[in-house]
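**Q** Could you look at this predicted model? Sequence included:
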Amino acid sequence: MSRVYDRVALIGLGLIASSMFWAIKRAGLAGEVTGYARSEATRDTARRIGLCDRVCDSAAEAAEGADLVVLCVPVGAMGAVAAEIAPVLKRGATVSDVGSVKRHVIDAVSPYIPEGVHFVPAHPLAGTEHSGPESGFAELFDNRWCLLVPVAGSDPAAVARLRDFWEGIGSNVDEMEADHHDLVLAVTSHVPHAIAYTMVGVADHLRRVTESEVIKYSAAGFRDFTRIAASDPTMWRDVFLTNKEATLDILGRFAEELFVLQRAIRMGDEKYLFDYFTRTRAIRRGIIQAGQDTAAPDFGRSKVKP
Ligand SMILES: NC(=O)C1=CN([C@@H]2O[C@H](COP(=O)(O)OP(=O)(O)OC[C@H]3O[C@@H](n4cnc5c(N)ncnc54)[C@H](O)[C@@H]3O)[C@@H](O)[C@H]2O)C=CC1
Ligand SMILES: O=C(O)C(=O)Cc1ccc(O)cc1
């Protein structure tokens, strides 16, 4: 894969932006990559580890003259960052993002996109519970989906170019409509995170147990929950608050189903439990057959130095 954009700007230098940077370098997808992070400490770290060809002291400085600007900040901060970079965007440039929620980002960012600039929202379906500039690695997106969510009037050539870029990063690319994306992600990611946070919270309330047995004898199930519940608090606060409707809809369905399960256990309904678990096992097997197993990621992590 060769160069897709001459200049790429990454705004917000956390897990996703740093992983993108190493993957961009691995494949030679850009001539120069600029970066900006809000805190001086993060910018210092980025400079120290060679993250980005040029680390800038403002989002506008990083975005100026870029052919692709990717907003890699928490979903709730996208609008403010778009406002900051809008005046310097180059005509013909593409603005994209990696936010976990799409309708809110589209509503928050679109008003700031100047005439002649393309806006193509995206969401790589890959991540870990780690955050910050040192958590990234080039293989994060390998063979994982990246969903492009074009908005009304998105230029097909700009969408196709962004597709080439994400394929170069290692992803499989699909397109999806924003509201549908938010519903699908509520089922596959947002509500599972809410459940993990809650389960770890329940264990924490039983402090007498937490301090001893739960930690010591933690088996795979609870361990997986604690990994997910260690995810970044700002990021997940924003996800739930900006995908409120779909999250509450799916959480409501989850609660209904949980009541039925609770009743089956109370009543000793062997058949219900066996049939239910047989169905859920088939779903897991389907995921594995589709090559989309995300459990216990075993990445060969590397930072491909430029
Ligand atoms: N962590 C994950 O597993 C995944 C995250 N995403 C999305 O990617 C985006 C970034 O997430 P991560 O890289 O994981 O986060 P992170 O917490 O590792 O990094 C976020 C970066 O944004 C900066 N930032 C926060 N507020 C800001 C503001 N107001 N202005 C400028 N910079 C600001 C932070 O200082 C940090 O450098 C989020 O929108 C998230 O929903 C998408 C897929 C997976
Ligand atoms: O770490 C995990 O298990 C994840 O689920 C990562 C993840 C988090 C948020 C996204 O929008 C996409 C992927």
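**A** Structure received. Ligands and ions are numbered 1, 2, ... in the order given.
**Q** and the stretch 1-150 of the chain, which residues reach ligand 2?
**A** Within the stretch 1-150 of the chain, the residues that sit near ligand 2 (CB under 6 Å from any ligand atom) are 100, 125, 126, 127, 128, 129. Heads up, the C-betas are built off the backbone N, CA and C, glycines and all.
**Q** Can I take it that the fourth one is in a helix?
**A** Read it as residue 127. No: counting by DSSP: H, G, I helix; E, B strand; the rest coil, residue 127 is not found in a helix; it is coil.
**Q** May I have the phi/psi pair for it?
**A** Note on residue 127: its backbone torsions stand at phi -180, psi -180 [degrees, to the nearest 10].
**Q** number of nearby residues for it?
**A** Taking other CB atoms under 10 Å as the criterion, the count of residues near residue 127 is 22.
**Q** From ligand 1, how far out is the nearest residue to it once chain neighbours are set aside?
**A** Leaving aside its sequence neighbours, residue 127 sits nearest to residue 15 (CB to CB, 6 or more residues apart in numbering; 6.4 Å). Residue 15 sits 4 Å away from ligand 1, going by CB to the nearest ligand atom, to the nearest Å.
**Q** right, and residue 15 touches residue 129 too?
**A** No: contact criterion CB atoms under 8 Å: residue 15 and residue 129 do not qualify, at 9.2 Å.
**Q** Compare those two (neighbour count), which wins?
**A** Shown here are residue 15 and residue 129; by other CB under 10 Å, residue 15 has more neighbours (26 against 15).
**Q** what residues are up against the more buried one?
**A** Counting by CB atoms under 8 Å, 6 or more residues apart in numbering, residue 15 touches 127, 128, 130, 131, 132, 135, 136, 140.
**Q** do residue 112 as well
**A** 79, 82, 83, 86.
**Q** show me which of these neighbour ligand 1.
**A** Counting by CB under 6 Å from any ligand atom, no member of those is near ligand 1.
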